[in-house]
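Asks: Sharing a sequence plus its predicted fold:
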Amino acid sequence: MTQPFSADQTQNPDEFENRDEAEFEPMTGELDLEDRRALRRVAGLSTELTDVTEVEYRALRLERVVLVGVWTEGTAETAENSLRELALLAETAGSEVLEGLVQRRTRPDPATYIGSGKAAELRDTVISTGADTVICDGELAPSQLRHLEETVQVKVIDRTALILDIFAQHAKSREGKAQVELAQLNYLLPRLRGWGGNLSRQVGGRAAGGIGIGGRGPGETKIELDRRRIRTRMAKLRRQIEGMSKARDTKRGERRRHAVPAVAIAGYTNAGKSSLLNRLTGAGVLVENALFATLDPTVRRAETAGGRAYTLADTVGFVRHLPHQLIEAFRSTLEEVTDAGLILHVVDGSDADPEAQIDAVREVLREIDADEIPEIIVINKADAADDLAIARLQRREPHSVVVSARTGFGMEELRAAIEADLPGLESELHALVPYERGDLVAQVHERGEILKQEHLAEGTMLHVRVPADLAGELSRYEAVTPSV
């Protein structure tokens, strides 16, 4: 069964806030957005060869694409939603989606993913639409890619390669670029291939650099040489990422030493995580109506209504079937989530299937051992969501807050929920600590939060928030009526 699919699923991009032209000062995110749009791919410009078998290594250049998916379980609506998401991914990568097909099967065909008959139909669709790329909604084995490509005679890529390409476009920091390159090489390694004589070409003797006599030997095939170079590069990237992650570890250790609680914003891509960070902290980071718009984590300081300081970290978005290579490569970045004391799990309330978003995010959280961390479900985009859908989500997730990062609706309720759920520092008290107990004051500085401090003749008057065990030690010096 083949079902047609409409590719017109894009939405209008978010507009900047209306500001007086004389007072306009572009924020960091707006400048980043201008740079990104200035470098968008131009459809119709390609140097790809007509016959894909004529070139050994090809750049991933997406232009006019046809989508194809295999519906193995669930409802038809679920399969179509997955293909719509693939269309958004393809458009984010800079391509034009022409057509989409869903094939009903009990399991993907081991040879061509969709079966030989449907592969022939796909070839007819490619010819009639003038497409130059086919994108499959799943991770294909190297043999499936090769066989399907031989049938349709245009470039074939899978969902994983598409997501990796988007990450490569959007990575900005040195660490982010290294993580994306490591994931790409990890994906490419088992998929290296050549055509014709390239598979048996030997590199030995004079071909090994003109060494000549004494340098001849069995040599390496071209593909073996490429694999060795990739493994060497991957080892170098891992060392670089490990070195760069030390700075992140140092910052996290400093925050822990000062007992500053950490809150991580996690959620599905394009659910509004960066918009929420901007609304809560005024960070001004890039916001775009696109999947995986921001990759590099941003950490900002925030305060509760009661004045308690905490850090708020925006993290990379998740998606259904997030490539395992990315999870491994971004593990140091995802530690912002695993080290947090509270997770703001952002959900797009206007999405067609928000429950599936929640399940996909929690699956990734389980994979990085962050599923036991307390979470608040933040149902975002309330201004665009259906009231019945929001009520359904609230019944499913009782510990949730409905907000709109665009309009500011629900922000005070969210701040109150964060303050109530922040870990540690359960007790707030006033205490007059004698000067001979300087060790106790030092513990308060290290493990608690000092709201006010004054040195009196009798000792140090403190107004603090501290953990329960430290509050027990301070209770003997508790001041009933503070003098500060």
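Replies: Arrived safely, thanks for sending. Numbering: from 1, shown residues only.
Asks: The nearest residue to Thr338 once chain neighbours are set aside: helix or strand, and which one exactly?
Replies: Nearest residue to Thr338, sequence neighbours excluded (C-beta to C-beta, 6 or more residues apart in numbering): Ala370, at 4.7 Å. (Each C-beta comes from the backbone N, C-alpha and C, glycine too.) Using DSSP states H and E, Ala370 is not contained in any helix or strand.
Asks: How about Ala309, nearest residue that isn't a chain neighbour?
Replies: Counting by C-beta to C-beta, 6+ apart, the nearest residue to Ala309 once its immediate chain neighbours are dropped is Glu303, at 5.4 Å.
Asks: Now do the strands for the stretch 101-250 of the chain: every range, in order, please.
Replies: Ranges of strands within the stretch 101-250 of the chain are 133-136, 155-158, 202-203, 220-221, based on DSSP state E, counting those that start in this stretch.
Asks: Those: lowest mean pLDDT?
Replies: Of all the strands of the stretch 101-250 of the chain, the minimum mean pLDDT falls on strand 202-203 (a mean of 48).
Asks: Which strands and helices lie in contact with the helix ranked longest in the chain?
Replies: The helix that spans the most residues within the chain, counting by DSSP state H, is helix 222-257. Helices and strands in packing contact with helix 222-257 are listed as helix 174-188, helix 331-338; criterion 3 or more C-beta pairs under 8 Å, 6 or more residues apart in numbering; DSSP states H and E.
Asks: JSON lines for those, including mean neighbour count?
Replies: Shown next, in JSON lines, are those (neighbours: other C-beta atoms under 10 Å):
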{"stretch": "helix 174-188", "mean neighbour count": "20"}
{"stretch": "helix 331-338", "mean neighbour count": "20"}
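Asks: Now tell me what touches the host helix or strand of Ala389 from outside.
Replies: Counting by DSSP H and E, the element that carries Ala389 is helix 387-396. With contacts defined as C-beta atoms under 8 Å, 6 or more residues apart in numbering, helix 387-396 is touched by 347, 349-350, 354-355, 377, 379, 382, 400, 402.
Asks: From these, keep the buried residues only.
Replies: The neighbour-count test (16 or more other C-beta atoms under 10 Å) marks 347, 349-350, 354, 377, 379, 382, 400, 402 as buried among those.
Asks: want to try TSV for the residues you listed, with secondary structure and pLDDT as columns?
Replies: Converted to TSV, the buried ones among the contacts of helix 387-396 look like this (DSSP: H, G, I helix; E, B strand; the rest coil; pLDDT from 0 to 100):
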residue	secondary structure	pLDDT
Val347	strand	91
Gly349	coil	88
Ser350	coil	88
Pro354	helix	88
Ile377	strand	92
Ile379	strand	92
Ala382	coil	89
Ser400	strand	91
Val402	strand	93
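Asks: which ones are touching Arg233?
Replies: 181, 185.
Asks: That one and Gly267, how far apart?
Replies: Separation of Arg233 from Gly267 (C-beta to C-beta, to the nearest Å) stands at 32 Å.
Asks: so where's the stretch 201-350 of the chain shaky on pLDDT?
Replies: 201-221, 252-259, 283-290, 293-296, 306, 332-333 (pLDDT under 70).
Asks: okay, now Arg465: neighbour count?
Replies: Arg465: 22 surrounding residues under other C-beta atoms under 10 Å.
Asks: Next, the buried residues of the helix or strand harbouring Glu80.
Replies: For Glu80, the element it lies in under DSSP H and E is helix 76-92. Neighbour counts over helix 76-92 (16+ other C-beta under 10 Å) mark 79-92 as buried.
Asks: Then stretch 375-385?
Replies: 375-382, 385.
Asks: Same question for stretch 298-311.
Replies: 298-300, 302, 308, 310-311.
Asks: From the chain's centre, how far out is that stretch? Work that out for me.
Replies: Chain-centre distance of stretch 298-311: 23 Å, with C-alpha atoms, centre = their mean, to the nearest Å.
Asks: Low-confidence regions, the stretch 351-484 of the chain specifically.
Replies: Residue ranges of the stretch 351-484 of the chain with pLDDT under 70: 424-426, 446-447, 480-484.
Asks: ok so, going back, looking at the buried residues of helix 76-92, which is nearest Leu185?
Replies: The closest of the buried residues of helix 76-92 to Leu185 turns out to be Leu89 (C-beta to C-beta; 20.9 Å).
Asks: my guess is the closest one contacts Leu291, does it?
Replies: Yes - between Leu89 and Leu291 there is a contact at 5.6 Å, judged by C-beta atoms under 8 Å.
Asks: Now for those two: what residues contact both?
Replies: Overlap of the contact sets of Leu89 and Leu291 (by C-beta under 8 Å, 6+ apart) consists of 166, 319.
Asks: What distance do you get for the closest residue in space to Thr281 that isn't next to it in sequence to Ala329?
Replies: Closest residue to Thr281 apart from its sequence neighbours, by C-beta to C-beta, 6+ apart: Arg300 at 4.1 Å. Arg300 sits 24 Å away from Ala329, going by C-beta to C-beta.
Asks: Asp249 too?
Replies: Counting by C-beta to C-beta, the gap from Asp249 to Ala329 is 17 Å.
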